[in-house]
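> return atomic coordinates for the entry below.
(one chain, ligands or ions: 1)
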Amino acid sequence: MNSSTRALALAVAALLWGSAALAAEPFDLVIANGRVMDPESGLDAVRHVGVRAGKIEALSETPLAGRETIDAAGLIVAPGFINLHWHGTDPDSDYYEAMDGVTSTFELEIGVADVDRWYDERAGRMPINYGVSIGHAPVRMAVMGDPGSFVPAGDAARRPASAAEIAEIQRRVEHGLKRGAVGVGFGLAYTPAASRWEILEMFRLAARYQATGFVHIRGASSAGSADREQGLLEVIAHSAVSGAPVHVAHINSSAQEAVGRMLGIIEEAQRRGVDVTTEAYPYTAGMTRIESFLFDSWTDKPDEEYRKLQWVATGERLTRETFLQYRGQGGYVLIHANTEERVRAAVAHPLTMIASDGFDVHPPSHPRAAGTYSRVLGRYVREQGALGLMQALRKMTLMPAQRLEARVASMRDKGRVRVGADADLVVFDPERIVDHATYEQPAQFSEGMRYVLVNGQFVVREGQVVQGATPGRPVRAPL
Ligand SMILES: [Zn+2]
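Numbers count the residues shown, from 1 in each chain. Prediction:
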């Protein structure tokens with residue numbers, strides 16, 4: 001029996017014999033008395049959740065017997081959060097994600113050049129589930145011999161590829177898809193010399209494998225843009241021509257003052273049948289590499305512009321002199337460019353998913369790595385009422401799961417509290433959930449998650465990280 005027939009059989013059994021029959025064999029774990037919220041079914045009621053062998057096997061109005069029972073009275077029980085935008089490499093950073101409610105995390109926007117290696121390095125070591133895309137930018141860097149770290153710094157950013165190089169990039173991207181990459185990553189803002197034709201060829205490949213293109217759109221970032229909509233219109237065209245779905249990274253920072261217009265464009269394109277989606281993170285600052293192409297136009301700015309930049313390693317604000325010095329050296333820089341009002345609009349809009357764009361928390365990076373989800377639930381849902389709790393949960397669970405389902409069928413069992421779904425669950429206090437990470441001290445755990453389960457195993461228990469817990473499993477397209 002596969003998992004859905006098993007779930008069906010269990011559901012039928014429960015109907016025929018009542019919950020007493022199921023209760024006869026105790027569950028591995030029962031989450032009792034919690035307010036279960038499931039964005040797919042709309043369920044919002046007190047239920048008892050029975051977990052067995054890493055799966056949700058019962059959702060009951062009457063008490064269940066478990067080998068272990070936790071009391072979730074007064075707490076929300078929801079699907080674990082699914083983060084479609086993550087760049088961390090250190091398993092320790094995943095504990096910060098888990099304390100923020102994330103149970104599956106994906107490196108999709110940039111991706112990697114070697115999919116097998118990425119999965120092999122993580123096997124058996126990860127606290128939460130993990131997946132990766134084959135990345136156009138890292139493949140382009142490998143093919144063109146670019147010396148950059150994470151994003152291009154040389155030829156891969158600034159030189160058009162020859163026909164032979166494009167063919168080699170295609171070959172390697174296709175190999176990544178054959179090795180189970182979850183999508184195709186595009187750092188188009190970091191590879192401005194890549195031609196429209198080169199990118200369209202990659203979208204054609206993605207379409208053949210039912211893979212979504214995850215894109216940092218061209219010409220748009222916190223570092224500035226003359227024409228923000230052009231990069232969005234470009235990828236909508238690629239999607240319409242090729243048939244590959246497209247997901248636009250961090251609309252908050254890519255759109256800035258154009259956030260209303262760009263969300264409107266996405267809405268219109270969806271109405272015309274284009275499969276385009278987007279995401280946002282709840283912070284006014286962006287972060288990227290100072291040596292990347294995004295700052296090529298920054299050598300001659302008015303002095304006050306450099307004050308928007310904050311050097312991550314020291315927390316200092318930059319001047320023209322320190323900007324040039326650090327650009328020569330290379331490293332991460334925060335860009336304080338957006339406004340609270342625009343960020344709220346991006347987070348609350350019904351089209352956006354929540355995704356963190358987080359990096360490793362050590363050495364220090366951006367607070368979004370540790371605080372994204374709790375910040376949405378605490379600041380925007382509870383304090384400001386900018387969006388409802390169920391809607392926020394939908395943006396964190398069901399919407400990202402659905403984004404991956406066409407290529408990765410196993411995602412149909414994530415992002416839901418449903419019999420037969422994976423027991424990736426969060427149990428949290430909606431009155432207390434709060435982010436503590438700041439720009440100056442980004443490595444701070446969020447607070448309010450009481451329990452976080454990944455494949456039925458605790459990663460957070462009684463509000464504390466379960467050190468050494470590694471129940472995370474690979475999420476990978478069928479090979
Ligand atoms: Zn980006």
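
> phi, psi for Y373 please.
Main-chain dihedrals, Y373, degrees, to the nearest 10: phi -70, psi -40.

> might you name the residue of this protein sitting closest to the ion?
Taking CB to the ion as the measure, the chain has H216 as its residue closest to the ion, at 3.6 Å. Where you see a C-beta, it was placed from the backbone N, CA and C, and this is true even at glycine.

> where does this protein come near the ion, residue by residue?
Counting by CB under 5 Å from the ion, the chain comes close to the ion at H216, A249.

> now tell me which helix or strand of the chain has the poorest mean pLDDT.
Every helix and strand in the chain was compared by mean pLDDT, DSSP states H and E; the lowest is helix 19-24, with a mean of 51.

> right, and the helix or strand after that helix?
strand 29-37 (DSSP states H and E).

> got the angle between the helix or strand following that next one and strand 29-37?
For strand 29-37, the succeeding helix or strand toward the C-terminus, using DSSP H and E, is strand 44-52. With axes from the mean of the first three to the mean of the last three CA atoms, to 10 degrees as the basis, strand 44-52 and strand 29-37 are set at 150 degrees to each other.

> with only the CA atoms kept, save strand 44-52 in PDB.
Output of strand 44-52 as PDB, limited to C-alpha atoms (Å, rounded to 0.1, in the frame of the first residue of the first chain):
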ATOM      1  CA  ASP A  44      -9.900  25.400  12.700                       C
ATOM      2  CA  ALA A  45     -11.000  23.500  15.800                       C
ATOM      3  CA  VAL A  46      -9.800  21.600  18.900                       C
ATOM      4  CA  ARG A  47      -8.600  18.200  17.800                       C
ATOM      5  CA  HIS A  48      -6.400  15.400  19.100                       C
ATOM      6  CA  VAL A  49      -3.600  14.500  16.600                       C
ATOM      7  CA  GLY A  50      -2.300  10.900  16.500                       C
ATOM      8  CA  VAL A  51       1.200  10.400  15.100                       C
ATOM      9  CA  ARG A  52       2.700   7.000  14.100                       C
END
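
> got a list of contacts for it?
With contact meaning CB atoms under 8 Å, 6 or more residues apart in numbering, strand 44-52 is reached by 22, 27-38, 56-64, 66, 77, 390, 417, 423, 425, 453, 456.

> could you list the buried residues of that strand?
Within strand 44-52, the residues scored as buried using 16 or more other CB atoms under 10 Å are R47, H48, V49, G50, V51, R52.

> hang on, E107 in a strand?
Yes: checked against DSSP: H, G, I helix; E, B strand; the rest coil, E107 lies within a strand.

> pairing partners for it in the sheet, please.
Legend: beta-bridge partners of E107 under DSSP bridges are V132.

> what's near enough to touch it?
Shown in contact with E107 (CB under 8 Å, 6+ apart): W86, H87, G88, W118, Y130, G131, V132, S133, G185.

> helix, strand, or coil at the fifth one?
For Y130, the reduced secondary structure class is strand; criterion used: three-state DSSP.

> wouldn't it be in contact with T105 here?
Yes: using CB atoms under 8 Å, Y130 is in contact with T105, at 5.8 Å.

> of the two, who's got more company?
For Y130 versus T105, neighbours defined as other CB atoms under 10 Å are more numerous around T105 (29 against 25).

> thanks again, I'm all set now.
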